[in-house]
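> just need the structure, nothing else, for what follows:
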Amino acid sequence: MLDTIKIAETPEGVELKLTCVSFFARSLAWGIDALIQGFIILLLLFVLPQLGDFGTGLLLIIFFFLHWLYPVFFEIYFQGQTPGKKMMKIQVLLIDGTMVNWGASLLRNLLRTVDFLPFFYALGVATMLMSKDFRRLGDLVANTIVVYKRELKEKVLQNQGETEIKAYAPDMALSAKEQQIILSYAERVNHFSPERAEELALLAVPLLNDLPVSQQQEKISSSASERILGIANYLMGRR
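Sure, this is the predicted structure:
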């Protein structure tokens, strides 16, 4: 079946067009991850048994974590992408287009056991082929979707008027979640009206602490939006 387009509305009220990933591409990603996991296990089989019972026990523990938590770890810390998904340029997101969280990732991966039934992911494949968004049972329960990754354009971020924005170092330390929000804003800013872009940018008041108060409350002439885009450029190393 061909890949399909899904419209998702973000918490900011912005509609995103997400390209759902078909069974074939997901199978290739799964195969790559399986090869990586198999290589790690094979390598450990030559080393850990030399340590006797301790090595055997450690091997079983590592096997457990590789089988159950390998995808969860990468989906949480690498923007919904395991190494296989990264090679295929696909990622796991929540159904509203936001990043997958711990609960959803754990649930969708634990249910791989059910998808495996009655043999070799037969139920999972059947569910994907019957779903217009190619969602297996784990995705349906966890409210997740697998889509092609939306890449930021490899150029200096620009504002609504196509003026180049210089990188700007933030005046405060940013958490990983805050950095992710800023990059997400930069990616979506061209979908906003100038007024909406300024309204959203002004929510990051601590990052705009050197802007005059009058400039924040009156017509801003894109100062707030430019500041956020400048920080996004800085975060992506465009100094």
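> so how far is the helix or strand where Leu140 lies off the chain centroid?
Assigning secondary structure by DSSP states H and E places Leu140 in helix 137-142. Centre-to-centre, helix 137-142 and its host chain are 17 Å apart (CA atoms, centre = their mean, to the nearest Å).
> do stretch 187-202 as well
Worked out by CA atoms, centre = their mean, stretch 187-202 lies 21 Å from the chain centre.
> buried set for stretch 115-135?
Asp115, Tyr121, Leu123, Gly124, Thr127, Met128, Ser131, Asp133, Phe134, Arg135 (16 or more other CB atoms under 10 Å). C-beta coordinates here come from the backbone N, C-alpha and C atoms, glycine included.
> which one of those residues is nearest Tyr185?
Ranked by distance to Tyr185 (CB to CB), the buried residues of stretch 115-135 are led by Asp133 at 25.8 Å.
> give me the contact list for the helix or strand containing Gly57.
Using DSSP H and E, Gly57 falls within helix 53-77. Under the criterion CB atoms under 8 Å, 6 or more residues apart in numbering, residues 33, 37, 40-41, 44-45, 47-49, 51, 81-83, 85, 92, 100-102, 105-106, 109-110 lie in contact with helix 53-77.
> is Phe78 in contact with Lys86, as I believe?
Yes - Phe78 lies in contact with Lys86 (CB atoms under 8 Å); the separation is 7.1 Å.
> which of the two has more residues huddled nearby?
Lys86 (18 against 13; other CB atoms under 10 Å).
> about what we covered before: restricted to strands, list the contacts of helix 53-77.
Val92 (DSSP state E).
> show me where the protein has helices.
23-47, 53-77, 83-88, 102-110, 112-116, 122-130, 137-142, 176-188, 194-201, 213-217, 223-235 (DSSP state H).
> make CSV out of these and add distance to Tyr148 and mean pLDDT.
Listed next are the helices of the chain as CSV, based on distance: least, CB to CB, whole Å; pLDDT from 0 to 100:
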stretch, distance to Tyr148, mean pLDDT
helix 23-47, 8, 92
helix 53-77, 16, 90
helix 83-88, 9, 95
helix 102-110, 18, 94
helix 112-116, 21, 84
helix 122-130, 16, 85
helix 137-142, 15, 93
helix 176-188, 14, 82
helix 194-201, 25, 80
helix 213-217, 38, 43
helix 223-235, 22, 83
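> got those helices as CSV, with distance to Lys17 columns?
Output for the helices of the chain, formatted as CSV (distance: least, CB to CB, whole Å):
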stretch, distance to Lys17
helix 23-47, 17
helix 53-77, 22
helix 83-88, 19
helix 102-110, 21
helix 112-116, 27
helix 122-130, 20
helix 137-142, 19
helix 176-188, 12
helix 194-201, 18
helix 213-217, 32
helix 223-235, 21
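> among the ones you listed, which is nearest Lys6?
Using CB to CB, these put helix 137-142 closest to Lys6, at 12.1 Å.
> that closest one - contacts with which helices or strands?
helix 102-110, helix 112-116, helix 122-130, strand 144-148 (3 or more CB pairs under 8 Å, 6 or more residues apart in numbering; DSSP states H and E).
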